[in-house]
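Q: sequence and predicted structure below; questions after.
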Amino acid sequence: MKNLTKLWSLALLLTAAMFMVSCEEDEPTIDVTEGLNVADGYYFVVDGEDPVAEKALLPEKVEGEGNVPTDREGFFGNYVFLEAGDYQIQKVESKEVSSTLGGALSKVAVEDLVNADEEPFDSYQIGLLESEGEAVNIANDGFFKISYDETTTELIVMEVKKVSFIGAPSGWSDVELDVVSSNPEDGFVFETGGVEIRQGDMYKLRINNAWKIIRNNEAENGYVAFTNYGGTADALVAGGDDIPFAKEDGIYTINVELQNDGGAFVEFTKTGEAEEITFDPAEYNFGILGSTNANAFDSDRDMVFKEVNGHPTWHGVVYFAENSIDDQGRRFKFRTNDDWAFNLGGVVTVGETTTLSVGGSDIEAPAAGAYYFMLWTEDEGETWQVTTKQPGWSLIGEGSPSGNWDDETPLVAQGFDENGVTTYTYSGDFAGGAYKLRAGSAWDYNLGGSLSELSPDGSDLSIDAGNYTFTLTFDGSSYSATVE
């Protein structure tokens, strides 16, 4: 019996041993993947350290034709917190550093640049990077805009000194935000309060009071980097479209967050009620200005107020050139009182009536030529409509070339000179007698009175029969004419 017990115990031990071996063989094998724990791409890296995700440079759009955000192969950027010290650009591929770039930075001062009014308010630094180049030195702690372009090998380093809210509520002037928190691993939060905003107001965010960084060059392979955000409030995009304010009218606190992973958004918290609006047409002295108009965006082409069908209405004839005179595309807007506090944008279509938006996007200019605009509101400024017509100015009347009050003779727009004076002409026979000038083949906007000082709805002009050159000039605010 004892021997049987021993044999049984031995069998149990052997069984246990076999089970343990089997368990060891079934134990899973853990693979340890070697290499860097970051995705492929470019990184702004502390000299001597490994790349980290929060300092990744992400694909970023640049300005394309018509100011539209456009993909550029090999262009990367981000907003990151940097401590003073030496850095490199490293490219990671398959979890390994495939290249290390460096180079000395030099300051680009605004006053030394063409189109300086479009550059950052202070300055930025630029470096031409090369493989294994010297370290990129950051002189002080701060939050920076970093961009790298493979085509030109340029590195842009711009310290973010200001973040601002800009749009219709502020007359498109900057409302600066204060830094309220910063976390080098996540991003920065900026905030300001007491801003009156109305539903539908258009707005954007921008950095250092600037829209963009212009890096065009003679080799024609340059670029324009954005320093503004648009798109949508919960997903801001560099260079994105103007954003319509979706909340109700009120006083708001604005909170902007720029994250190290490339994300950006803005939040609005209502803190009070907006002031009630009262409408007085006399406070709306409209003008038209744009990139293809005389003096571009520097000064307005004044419109004339005259009610039509009982509605407040403004009239104007404007000449649009073939090409932009400020290299900003073919765009224009309506605004009041030579200021951006109130402006209208959206879409115009020749021969049609369209609705404009307060603070709306820039309007695409029509083809080269002169156009008559009739702008009005039927609900005390709640909505705005505009009719766009051709011809601009015409001669009509018994004394005009047509010899009657039914048929008109359009003037030929000759463009504008360096002083912003637009000229319209007609050369040929005049029937002799009374005549006037009218816009858009209608009588809502017509000129008469004295040739030296033409006025809306002025008395009939008079001319003897004969062959003449009639010249009409507009200096942006008043009309005059000569007959030779």
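A: Nice, thanks for sending it over. Because the structure is a prediction, the values reported are computed rather than measured.
Q: tell me what the closest residue in space to residue 408 that isn't next to it in sequence is bridged to.
A: Spatial nearest neighbour of residue 408, chain neighbours left out: residue 394 (3.8 Å); criterion: CB to CB, 6 or more residues apart in numbering. Using the backbone N, CA and C atoms, a C-beta is placed for each residue, glycine as well. Per DSSP bridges, the residues bridged to residue 394 are residue 410, residue 438.
Q: isn't residue 394 up against residue 445?
A: No. When contacts are counted by CB atoms under 8 Å, residue 394 is not listed as touching residue 445 (11.3 Å).
Q: do you know the pLDDT at the residue nearest to residue 408?
A: You'll see residue 394 listed with a pLDDT of 98.
Q: wait, what's in contact with it?
A: The contact partners of residue 394, by CB atoms under 8 Å, 6 or more residues apart in numbering, come to 408-411, 437-439, 441.
Q: again, only this time at 10 Å
A: By CB atoms under 10 Å, 6 or more residues apart in numbering, residue 394 lies in contact with 372, 400-402, 407-411, 424, 426, 436-441, 446.
Q: start to end distance for stretch 222-237?
A: 21 Å (CA to CA, to the nearest Å).
Q: sorry, that was for stretch 455-473
A: For stretch 455-473, the end-to-end distance is 13 Å (CA to CA).
Q: any buried residues in it, and which?
A: For stretch 455-473, the neighbour count (16 or more other CB atoms under 10 Å) marks 456, 458, 461, 463, 468, 470-473 as buried.
Q: got any ranges where this protein has weak pLDDT?
A: 1-34, 109-122, 183-186, 260-262 (pLDDT under 70).
Q: can I see the domain layout of it?
A: Listed by automatic domain parsing, the domain ranges of the chain are 41-159, 163-272, 281-389, 393-483.
Q: I'd like those as JSON lines, with distance to residue 35 appended.
A: Shown next, in JSON lines, are the domains of the chain (distance: least, CB to CB, whole Å):
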{"stretch": "domain 41-159", "distance to residue 35": "3"}
{"stretch": "domain 163-272", "distance to residue 35": "21"}
{"stretch": "domain 281-389", "distance to residue 35": "46"}
{"stretch": "domain 393-483", "distance to residue 35": "63"}
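Q: list the buried residues of the strand or helix carrying residue 58.
A: Assessed by DSSP states H and E, residue 58 sits inside strand 56-59. Of the residues in strand 56-59, 56-57 count as buried by neighbour count, 16+ other CB under 10 Å.
Q: how far away from the center of its chain is it?
A: 22 Å (CA atoms, centre = their mean, to the nearest Å).
Q: can you list contacts of it?
A: So strand 56-59 is contacted by 38-39, 41-44, 71-78, 80, 89-92, 146-148, 155, 260-263 (CB under 10 Å, 6+ apart).
Q: the helix or strand containing residue 81 pairs with which strands, and in what direction?
A: Here residue 81 sits within strand 75-82, counting by DSSP H and E. Its sheet considered, strand 75-82 pairs with strand 56-59 (antiparallel), strand 142-149 (antiparallel) by DSSP bridges.
Q: just checking, what packs against the helix or strand immediately after the last one in the chain?
A: Counting by DSSP H and E, the next helix or strand C-terminal to strand 142-149 is strand 154-159. Other elements packing on strand 154-159 under the criterion 3 or more CB pairs under 10 Å, 6 or more residues apart in numbering; DSSP states H and E are strand 75-82, strand 85-93, strand 106-109, strand 123-128, strand 136-138, strand 142-149, strand 212-215, strand 223-226.
Q: picking that back up, what about the buried residues of stretch 455-473, which are in strands?
A: 456, 461, 463, 468, 470-473 (DSSP state E).
Q: kindly reformat the residues you listed as TSV containing distance to residue 239.
A: What follows is those, written out as TSV (distance: CB to CB, whole Å):
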residue	distance to residue 239
456	42
461	51
463	54
468	52
470	47
471	44
472	41
473	39
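Q: name the nearest of the residues you listed relative to residue 337.
A: Minimum distance to residue 337 across those is 19.5 Å, recorded for residue 456 (CB to CB).
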